[in-house]
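Trainee: this one's structure only:
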C-alpha cells in the first residue's frame, strides 16, 4: 500500500489495485487513514524519494525503449486486421493513422528541435548507487543548429 501511495496514486486507485491484485477488500478511507497517519506518512515520504530518484530504472525514460515501442505500434498498425465479413468476402483494414503518428513520434525523438538547440534530452547518470539527472548543458553536450 505504501509503495502505491508513494507513486502518487489516489486513495481510490490504491484501494482498487489492492482489491484486484491481492483479493483483499480495501476501502479508500482505510488507504487515506494509513497515508496521513504518522507511520504511513514517514514510510511513504521515504519511498516517494526513492521512487523519484530511480528514474533510470523506468524503461520509458530510455530513448531506445521509446523508439522500440513506437516501432511496435507502427508494426501493429501496418498489420492487416479483419474488420468484417460480408457476402463478397472479408474486409481487412490497416490502421494508417496510428502508423503515421508513430512515425512522427519517432522522427521527433531522433531529430533536433528547430528552436536552435540540437539536443532535447535529459542525461541520466549514475554515480555510485545514486542515479541523477543532468541537463544537456550541464553534461557539456549542447550543440546548435544553424538556420
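Mentor: Now that the structure is in, tell me what you want to look at. None of the values given here were measured: they were computed from a predicted structure.
Trainee: can you give me the strands for this protein?
Mentor: 81-86, 89-93, 123-127, 130-134 (DSSP state E).
Trainee: The first one pairs with which strands?
Mentor: Take DSSP bridges as the rule and strand 81-86 pairs in its sheet with strand 89-93 (antiparallel).
Trainee: Distance from the strand it pairs with to the middle of the chain?
Mentor: 35 Å (CA atoms, centre = their mean, to the nearest Å).
Trainee: in the chain, which ranges drop under the pLDDT threshold?
Mentor: Applying pLDDT under 70 to the chain flags the ranges 55-56, 59, 112-147.
Trainee: tell me the centre residue of it?
Mentor: With distances taken as CA atoms, centre = their mean, the residue of the chain nearest its centroid is residue 60 (4.9 Å).
Trainee: now that one: how far from residue 86?
Mentor: 41 Å (CB to CB, to the nearest Å). C-beta coordinates here come from the backbone N, C-alpha and C atoms, glycine included.
Trainee: What of residue 12?
Mentor: Between residue 12 and residue 86 the computed distance is 44 Å (CB to CB).
Trainee: Residue 19 too?
Mentor: Counting by CB to CB - residue 19 and residue 86 are separated by 43 Å.
Trainee: Comparing these two, which residue is more hemmed in?
Mentor: residue 19 (13 against 8; other CB atoms under 10 Å).
Trainee: all helices for this structure, in order.
Mentor: 2-6, 11-22, 28-36, 38-53, 63-77, 96-110 (DSSP state H).
Trainee: Check these for me and report the most buried one.
Mentor: helix 2-6 (a mean of 19; mean count of other CB atoms under 10 Å).
Trainee: who touches it?
Mentor: With contact meaning CB atoms under 8 Å, 6 or more residues apart in numbering, helix 2-6 is reached by 13-14, 17-18, 31, 34-35, 40, 43-44, 46-48, 50-51.
Trainee: at 6 Å instead, please
Mentor: 14, 17, 35, 43, 44, 47, 48, 51 (CB atoms under 6 Å, 6 or more residues apart in numbering).
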